[in-house]
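> Show me the folded form of this:
(chains A and B)
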Amino acid sequence: MKALAFHEHGGLDRLRYQDVADPKIGAGDVLVRVRAAALNHLDLFVREGLPGLTLPMPFWTGCDIAGEVAAVGAGVRDVTMGERVAVNPNLYDGRCEYCLRGEHSLCVRYGILGEHTHGGLAEYVKVEARHVTRLPDSIRYEDAAAFILVNMTAWRMLVTQARLRAGEDLLILGVGGGVSSTAVQIGKLCGARVWVTSSSDDKLERARALGADECINYAREDWVKVIGQRTGRRGVDVVLENVGVATWKGSIRVVAKGGRIVTCGATSGPIAETDIRQVFWKQLSIIGSTMANDAEFNAVMGQLFAGRLRAIVDTVMPLREGVEAQRRLAEGKQFGKIVLVP
Amino acid sequence: MADLYDLGDKPPLGEVPKRMHAFAVRQSRFGQPRDAWKREVLPTPTIGPDEVLVYVMASGINYNNVWAALGQPLDVIAERQKLGEPEDFHAGGSDCSGIVWATGKDVKHVKVGDEVIVHSGWWRPDDPWVLAGKDPMLAESTRIWGYQTNYGSYCQFARAQAHQCIAKPRKLTWEAAGCFLLCASTAYRMLMGWAPHVVEKGDVVLVWGATGGLGSLALEIVRAEGGRAIAVVSDEAKRKFCMEHGAVGVINRSQFDHWGPMPDTKDVKAYGNWAKGARAFGKAVWDALGERTSPRIVFEHPGEATLPTSEFVCATGGMIVICAGTTGYNVTLDLRYHWMRQKRFQGSHLSNDEQALAVTRLVDAGRVDPCLSTTYAFDDLPECHQLMLDNKHPYGNMAVLVNAPRKGLGAA
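Residues are numbered from 1 along each chain as shown, chains lettered A, B, ... in the order given. Model prediction:
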């Protein structure tokens, strides 16, 4: 089959659309014919190489996958040939203390399909049968693939970790990214007033179209001051903080008493100087989050299927143009997801 | 009726003399606690409709009134004057046992003659946040009673809001009942107030500063809730105290030297040394416990010196909960631990009525010891604060007798 593969870690020049061996499925697996696979920054990080991550070469990434079932392992029930499915990318051992309490993304051997095993930037992918979810006919493959990973992540961050409630104020910093942009619509679904920041008026307009209530261009305005003024100095209840060093002090200042700052990454660096007086006087929660458990995956996919959340697609491109697609992502030109179609 | 009574010389129940004995700080005396706190005769305060006067039998000693004496980091007298209060002195004290001596016209749940202890969460009764039924400890108007408010437990008659009063645990002496609630309610909110990270059966909890008032109550509460506390102390002499108060293991932190701010992660050598120290400390937790389980909750209050290590040793999906920064306030958080291990850093401050009541019930039931250390005379009060500032105070919680004539009284 064809895959967008690399034989060694490195830059975009390592990536080739090439022939690789077909995946072989076990008794508990299904083979999914990939109809759409969305890109994440994770694809770039893995291609460049992550400390401690040793991969079988050639390797190809791709964590956001939708397609149809092309083969079914001998031990699999409930999944049939030809079925339209979306793939839950969680990999876990199912036996550790965290898995036993349903917290799969805390698994001591947690991994992500497409990061730790061969992924969906290929014509076919092997998936454990329990990790395919039937796709309603009304949902396009491209939308399903574009939806999965960022929505799992944002749902866990806002609904589970930050426990965002109706009537609260949610601030999303840097609204261009995949998690941040979809967080706008999850925030609205929860009944929050949603604040967003960006240095691009264009991105702010896109966020407004998704339901953002208050848009601040941080290149022109001091976002901390503006939020302070417009909330009567109270601040916001929840901050979705994926910027890190560049915004951290502002986030601590702008969050209200009893507020929550939830983080799943830091594009400007992870080492955050913190005045802990603010943390205990204001009784803040600073919460780290990554991916989601299976229950959260199912919950957020259900919102897509019911039409309450939608996929945010930037562009759809053929898989053979994957190098160009990864370049677009690396340059941060997109709003929403870049989807590849084999 | 006289207009001033000696300590322990009771006026008729419900009759309030015009003047009273109290310890107070004045701005002209800000400095070392032994000089700043002076015994004075002050006018007995009048009370509002929702307030009570408590005839104080015994008072606890807390670190906040060391700060009040120093006038740092906050001049509490100036702060109150800005809000329109006329007094030019601070008669503090945030913990007490006593008898309700007068009640405001709206007070319903306590009456004159009730034996009570007083928790230190104070807020304006007309605060919209409070009226909305939300956690009052997050309200704008919230203050620490006897630190940010005047006429606390170092007065013969303390002024408190009625909701602060909780029935005194009957089996405790005045001094045992009066010494513990600020630390206990603070520790209880930290350990039981931040779901889903509340102490559950078998949970490992790492407790810093385990022989202080706060730390010792944390050990007691963890044990009462079925958790397993690992105590951190700074010298071997403290080991026995911790084991007696509920710890299942003790770590002496003087055997490590990686304390203080986390070095720059790009400085390979310095960061490597720090990480080595932090890993060794994590192993010491496992050794003290007897199994390779990391703490689900880390009970923090030193702050700057220890927090990076706390972040490091906290279990995946666990919580570091903090209420103070006794070694400093500037902390470097490595957010990578936060995402990849999905940890939570939680601030916590004092407690609300519900939490103060819950921990008092544990004490009343004999499941949490109030950790009374030494009981002093009223006139030793300045020296008690000095001991605290000099870090020479006895393990647990100190008490001073106010109107109680001697130790050992008040227990049913």
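> Number of residues surrounding the closest residue to chain A within the stretch 201-350 of chain B?
Distances between the stretch 201-350 of chain B and chain A by C-beta to the nearest C-beta are smallest at residue B:338, namely 2.8 Å. Quick note: C-beta positions are derived from backbone N, CA and C, even for glycine. Residues lying near residue B:338 (other C-beta atoms under 10 Å in any protein chain shown) number 26.
> how would you label it: helix, strand or coil?
Put simply, residue B:338 is helix when judged by DSSP: H, G, I helix; E, B strand; the rest coil.
> residues in contact with it?
Counting by C-beta atoms under 8 Å, 6 or more residues apart in numbering or on different chains, residue B:338 touches A:263, A:286-288, B:311, B:344-345.
> Sitting in helices, which of those do you find?
Residues of the contacts of residue B:338 located in helices (DSSP state H): residue B:311.
> what's the closest of the contacts of residue B:338 to residue A:104?
Proximity of the contacts of residue B:338 to residue A:104 (C-beta to C-beta) peaks at residue A:288, which lies at 16.0 Å.
> how would you label residue B:31: helix, strand or coil?
Residue B:31 ends up coil, using three-state DSSP.
> ok, now which ones touch residue 297?
Using chain A here. By C-beta under 8 Å, 6+ apart, the contact list for residue A:297 reads A:88, A:90, A:133, A:148, A:152.
> oops, chain B please
Applying C-beta under 8 Å, 6+ apart, we find residue B:297 in contact with B:191, B:197, B:199, B:203-206, B:227, B:314, B:318-321.
> Buried members of the contacts of residue B:338 into ChimeraX, please.
Only the buried entries of these go into this ChimeraX selection, using 16 or more other C-beta atoms under 10 Å in any protein chain shown:
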select /A:263,286,287,288 /B:311,344,345
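> Could you dump the contacts of residue B:338 into a markdown table and include pLDDT?
Output for the contacts of residue B:338, formatted as a markdown table (pLDDT from 0 to 100):
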| residue | pLDDT |
| --- | --- |
| A:263 | 95 |
| A:286 | 97 |
| A:287 | 96 |
| A:288 | 95 |
| B:311 | 94 |
| B:344 | 96 |
| B:345 | 96 |
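> Could you pick out which of the contacts of residue B:338 are located in strands?
A:263, A:286-288, B:344-345 (DSSP state E).
> a markdown table for those, including distance to residue A:67?
Shown next, in a markdown table, are the ones in strands among the contacts of residue B:338 (distance: C-beta to C-beta, whole Å):
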| residue | distance to residue A:67 |
| --- | --- |
| A:263 | 32 |
| A:286 | 38 |
| A:287 | 34 |
| A:288 | 32 |
| B:344 | 37 |
| B:345 | 40 |
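> and which of the residues you listed is nearest residue A:256?
For the ones in strands among the contacts of residue B:338, the residue nearest residue A:256 by C-beta to C-beta is residue A:286; the value is 14.0 Å.
> Relative to residue B:359, how far out is the closest one?
26 Å (C-beta to C-beta, to the nearest Å).
> for residue B:403, same thing?
Noted for residue B:403: a distance of 25 Å to residue B:359, by C-beta to C-beta.
> and those two? which has more neighbours close in?
Per other C-beta under 10 Å, whichever of residue B:403 and residue B:359 has more neighbours is residue B:359, with 29 against 22.
> Could you confirm that one falls within a helix?
Yes: secondary structure of residue B:359 (three-state DSSP): part of a helix.
> tell me which parts of the stretch 301-412 of chain B are close to chain A?
B:303-304, B:307, B:316-317, B:322-325, B:329-349 (C-beta under 8 Å from any C-beta of the partner chain).
> Mark out where each domain of the chain begins and ends.
No chain specified, so I'll use chain A. Chain A breaks down by automatic domain parsing into domains covering A:2-135+A:312-341, A:152-288.
> meant chain B, my bad for not saying
According to automatic domain parsing, chain B comprises the domains B:19-180+B:370-401, B:184-347.
> how about the ones you listed, which one is nearest residue A:223?
Nearest to residue A:223 among the domains of chain B is domain B:184-347; the distance by C-beta to C-beta comes to 19.7 Å.
> Now do the end-to-end distance for that closest one.
For domain B:184-347, the separation between the terminal residues is 16 Å (C-alpha to C-alpha, to the nearest Å).
> how deep is the closest residue to chain B within the stretch 1-150 of chain A tucked in, by neighbour count?
For the stretch 1-150 of chain A and chain B, the shortest gap (C-beta to the nearest C-beta) falls at residue A:106, measuring 4.7 Å. Neighbour count for residue A:106, taken as other C-beta under 10 Å: 22.
> Just give the nearest non-adjacent residue to it, would you?
Excluding its sequence neighbours, the residue lying closest to residue A:106 (C-beta to C-beta, 6 or more residues apart in numbering or on different chains) is residue A:98, at 3.8 Å.
> For the one you found, identify the helix or strand it belongs to.
helix A:97-100 (DSSP states H and E).
> Name the strands paired with whichever helix or strand comes after that helix and say parallel or antiparallel.
Where DSSP H and E defines the elements, the next helix or strand beyond helix A:97-100 is strand A:111-112. Paired with strand A:111-112 in the same sheet, following DSSP bridges, are strand A:90-91 (antiparallel).
> Any chance you could list what contacts the partner strand?
Residues outside strand A:90-91 that contact it (C-beta under 8 Å, 6+ apart) are A:104-105, A:109-113, A:116-117, A:131, A:291-294, A:297.
> returning to what we had before: quick one: the residue nearest to residue A:106 from residue A:293, how far?
With C-beta to C-beta as the criterion, residue A:98 and residue A:293 are 9 Å apart.
> One more: residue B:19?
Separation of residue B:19 from residue A:293 (C-beta to C-beta) stands at 64 Å.
> thinking again about what came up before, who touches both of residue A:98 and residue A:293?
The contact lists of residue A:98 and residue A:293 share residue A:104, where a contact means C-beta under 8 Å, 6+ apart.
> quick one: which of the contacts of residue B:338 is nearest residue B:61?
Checking the contacts of residue B:338 against residue B:61 with C-beta to C-beta, the nearest one is residue B:345 at 29.6 Å.
> Which of the contacts of residue A:297 fall in helices?
Using DSSP H, the subset of these located in helices is A:148, A:152.
> got the contacts of residue A:297 as a markdown table, with pLDDT and neighbour count columns?
Shown next, in a markdown table, are the contacts of residue A:297 (pLDDT from 0 to 100; neighbours: other C-beta atoms under 10 Å in any protein chain shown):
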| residue | pLDDT | neighbour count |
| --- | --- | --- |
| A:88 | 98 | 23 |
| A:90 | 97 | 24 |
| A:133 | 97 | 19 |
| A:148 | 98 | 27 |
| A:152 | 98 | 27 |
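> What's the local residue count around residue B:128?
11.
> Since that was my last question, I'll sign off now.
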